[in-house]
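[1] Attaching a predicted model along with its sequence, questions to come.
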Amino acid sequence: MEMMTDADVERARRDTPGTTRVAHLNNAGAALPPKAVTDAVVAHLHREAEMGGYEAAAAAADLVDDTYTAIARLIGCDVDEIAVVENATRAWDMAFYGLAFQPGDRILTARAEYASNVIAFLQVAARTGATVEVVDDDEEGQLSVDDLRRRLDDGRGPVRLVAMTHVPTQGGLVNPAEDVGAVTREAGVPYLLDACQSAGQMPLDVDRIGCDMLSATGRKYLRGPRGTGFLYVRREFLEKVEPPFLDLHAATWTAPDRYEIRPDARRFENWETNYAAKIGLGVAVDYALAWGLESIEGRVTGLAERLRGRLADLDGVHVQDQGRQRCGIVTFTVDGVPSEEVQRRLADSGVNVSVSVADYARLDLPQRGLSDVVRASVHYYNVDDELDQMIAALPGPRPATDSRTT
Ligand SMILES: Cc1ncc(COP(=O)(O)O)c(C=O)c1O
């Protein structure tokens, strides 16, 4: 159910200068930020220019603290369980590369897993003798919780980690994060959730999900600045994950031959950071919280479903999204027109979309006979007129009803 009213959407668009210039359906790439975010970033850059960078950071200490408080509210954890880093990949890496693997340890993942994560699995597997297993999809195309349970119980060696992408880069699927959490908790196996594409478009609660670690980015559905991301690590788990890199922020040099790693999740950060972006991330998270993540999800899924419906009515257009639960990412192919050409044609008409290629999702797209898909990702500030604009600008097909009458 959509809970945002037309007046809310109008207000969201007024808050978002970019909506006057472009039909931005690339929110899974990087969303348009609200003006409040841009203003906060620019204000801090001015403070740095006028006072000096260190002095500006000290003067803005409360704003920086607010970023941790906002993220903790967003995902239902405490501030000392949050590290703010430069992107989702680095957040995920700090957790994954911080785990110790032995020969024969098993890493379980899903078909929709993101390329960078799988590359990291393969590197660590080659280094340590751990193995990587892909859990089957169920008939609806999401991770099969039954197959996961089977693999956890099959006695074929210790499962050291379950790592799953919540919402993939290449489709509208929402993997069953809570069901996976229930299973990993029962089995006592660490669970790392890549929430890069879900953060900001749906409610996330780490206790309800049952994950031990969660990574996310700022620029996508959260509408924050580029170059921001965060990692959550459950308090009881902090000591079990040794940061792969340490510096004088993550640890203290206590004696010439000793250091102590800090006890909180900031052990996964490093000292130098983009303060303006970090402050902007907090403003973006607060802005999302003010709308409410349930309202955002209602609006986003409603728009996405309408877009899928309109695309499905077109001859020669195939919606490619899988899964029981779907989100704001809409993927499709157009017969006889390469996805990049579709993207170019839409861009010429003022509509931003993106393309997902097999390299991003080798366990998924090729299995489905797809080399690439067009990705239109909607946010709550998008409107039906923009969907019409996109449909009208699509190359090749016309509505099936039209073609029957001509
Ligand atoms: C599922 C998923 N995980 C991780 C990432 C990487 O995020 P970042 O570019 O912030 O490192 C992406 C980026 O598209 C993604 O889609």
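    Cool, got the structure. As the structure is a prediction and not an experimental result, all values here were calculated from the model.
[2] And the strands in the stretch 301-406 of the chain, which stretches?
    Using DSSP state E, counting those that start in this stretch, the strands of the stretch 301-406 of the chain run over residues 317-319, 329-334, 351-352, 354-357, 372-377.
[3] Show me which residues of the stretch 151-300 of the chain are close to the ligand?
    Residues of the stretch 151-300 of the chain found near the ligand (CB under 6 Å from any ligand atom) are T165, P168, T169, D194, C196, Q197, T217, G229. No exception for glycine: its C-beta is placed from N, CA and C like everyone else's.
[4] Let's have these in TSV, adding neighbour count.
    What follows is these, written out as TSV (neighbours: other CB atoms under 10 Å):
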residue	neighbour count
T165	30
P168	32
T169	25
D194	35
C196	30
Q197	30
T217	29
G229	25
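[5] Looking at those residues, which one is closest to D179?
    In terms of CB to CB, no member of these lies closer to D179 than T165, at 14.8 Å.
[6] tell me the contacts of the closest residue to the closest one other than its chain neighbours?
    Take T165 and drop its neighbours on the chain: the residue closest to it by CB to CB, 6 or more residues apart in numbering is D194, 4.3 Å away. By CB atoms under 8 Å, 6 or more residues apart in numbering, D194 lies in contact with A88, W92, E113, Y114, N117, A163, M164, T165, H166, L214, S215.
[7] Need those residues in a markdown table (columns: pLDDT and secondary structure).
    Putting the contacts of D194 into a markdown table (pLDDT from 0 to 100; DSSP: H, G, I helix; E, B strand; the rest coil) gives the following:
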| residue | pLDDT | secondary structure |
| --- | --- | --- |
| A88 | 98 | helix |
| W92 | 98 | helix |
| E113 | 97 | coil |
| Y114 | 97 | coil |
| N117 | 98 | helix |
| A163 | 98 | strand |
| M164 | 98 | strand |
| T165 | 98 | strand |
| H166 | 98 | coil |
| L214 | 98 | strand |
| S215 | 98 | strand |
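[8] Quick one, which of the residues you listed are buried?
    Neighbour counting with 16 or more other CB atoms under 10 Å marks A88, W92, E113, Y114, N117, A163, M164, T165, H166, L214, S215 as buried within the contacts of D194.
[9] what's the most distant pair in those residues?
    Farthest pair in those, by CB to CB: E113 and L214, 15.1 Å.
[10] Map the structural domains onto the sequence of this structure.
    Residue ranges for the domains of the chain, per automatic domain parsing: 6-32+292-400, 38-290.
[11] Check the burial of the residue of the stretch 301-406 of the chain found nearest the ligand by counting its neighbours.
    Per CB to the nearest ligand atom, Y360 is where the stretch 301-406 of the chain lies closest to the ligand, at 7.7 Å. As a burial measure, Y360 scores 18 neighbours (other CB atoms under 10 Å).
[12] contacts for the host helix or strand of V42?
    Per DSSP states H and E, V42 falls inside helix 35-51. Outside helix 35-51, the residues that touch it by CB under 8 Å, 6+ apart are 15-17, 56, 59-60, 63, 223-225, 275-277, 279-280, 282-284, 287.
[13] Among the residues you listed, which ones are in helices?
    Using DSSP state H, the members of the contacts of helix 35-51 that fall in helices are A56, A59, L63, Y275, A276, A277, I279, G280, G282, V283, A284, Y287.
[14] Which pLDDT value goes with the residue nearest to the fourth one when sequence neighbours are not counted?
    Leaving aside its sequence neighbours, Y275 sits nearest to A57 (CB to CB, 6+ apart; 5.0 Å). A57 carries a pLDDT value of 98.
[15] I'd assumed E272 was in contact with A57.
    No: with contact defined as CB atoms under 8 Å, A57 does not reach E272; the gap is 10.5 Å.
[16] hang on, the earlier thing: drop anything exposed from the ones in helices among the contacts of helix 35-51.
    A56, L63, Y275, A276, A277, I279, G280, G282, V283, A284, Y287.
[17] what's the average pLDDT for the lengthiest helix in the chain?
    Longest helix of the chain, by residue count under DSSP H: helix 293-312. For helix 293-312, mean pLDDT rounds to 98.
[18] Okay, buried residues for that helix please.
    Of the residues in helix 293-312, 293, 295-304, 307-308, 310-311 count as buried by neighbour count, 16+ other CB under 10 Å.
[19] for the residues you listed, which one is nearest H379?
    Ranked by distance to H379 (CB to CB), those are led by V300 at 6.3 Å.
[20] Verify the stated contact: the closest one with V330.
    No: using CB under 8 Å, V300 makes no contact with V330, being 10.6 Å away.
[21] More neighbours: A57 and E272, which one.
    Neighbour tally, A57 and E272, criterion other CB under 10 Å: the higher count belongs to A57, 20 against 9.
[22] Contact partners for D65?
    So D65 contacts V79 (CB under 8 Å, 6+ apart).
[23] In the helix or strand harbouring it, which of the residues would be classed as buried?
    Assigned by DSSP H and E, D65 belongs to helix 61-75. Residues L63, V64, D66, T67, Y68, T69, A70, I71, A72, L74, I75 are the ones in helix 61-75 that count as buried (16+ other CB under 10 Å).
[24] Same check on stretch 5-12?
    Result for stretch 5-12 [16+ other CB under 10 Å]: buried residues D8, V9, A12.
[25] Tell me which of those residues fall in helices.
    D8, V9, A12.
[26] which ones are touching the second one?
    With contacts defined as CB under 8 Å, 6+ apart, V9 is in contact with R299, Y380, Y381, V383.
[27] now swap in the last one and tell me
    The contact partners of A12, by CB under 8 Å, 6+ apart, come to M4, P34, W291, Y380, Y381.
[28] The second one and P225 touch, don't they?
    Right, P34. No: counting by CB under 8 Å, P34 sits too far from P225 to count as a contact (11.3 Å).
[29] what do the two both touch?
    Shared contacts of P34 and P225, counting by CB under 8 Å, 6+ apart, come down to A284.
[30] Filter the contacts of V9 down to the buried ones, PyMOL style.
    To isolate the buried ones among the contacts of V9 in PyMOL, judged by 16+ other CB under 10 Å, type:
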select buried, resi 299+380+381+383
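[31] any idea of the mean pLDDT for the helix holding D65?
    98.
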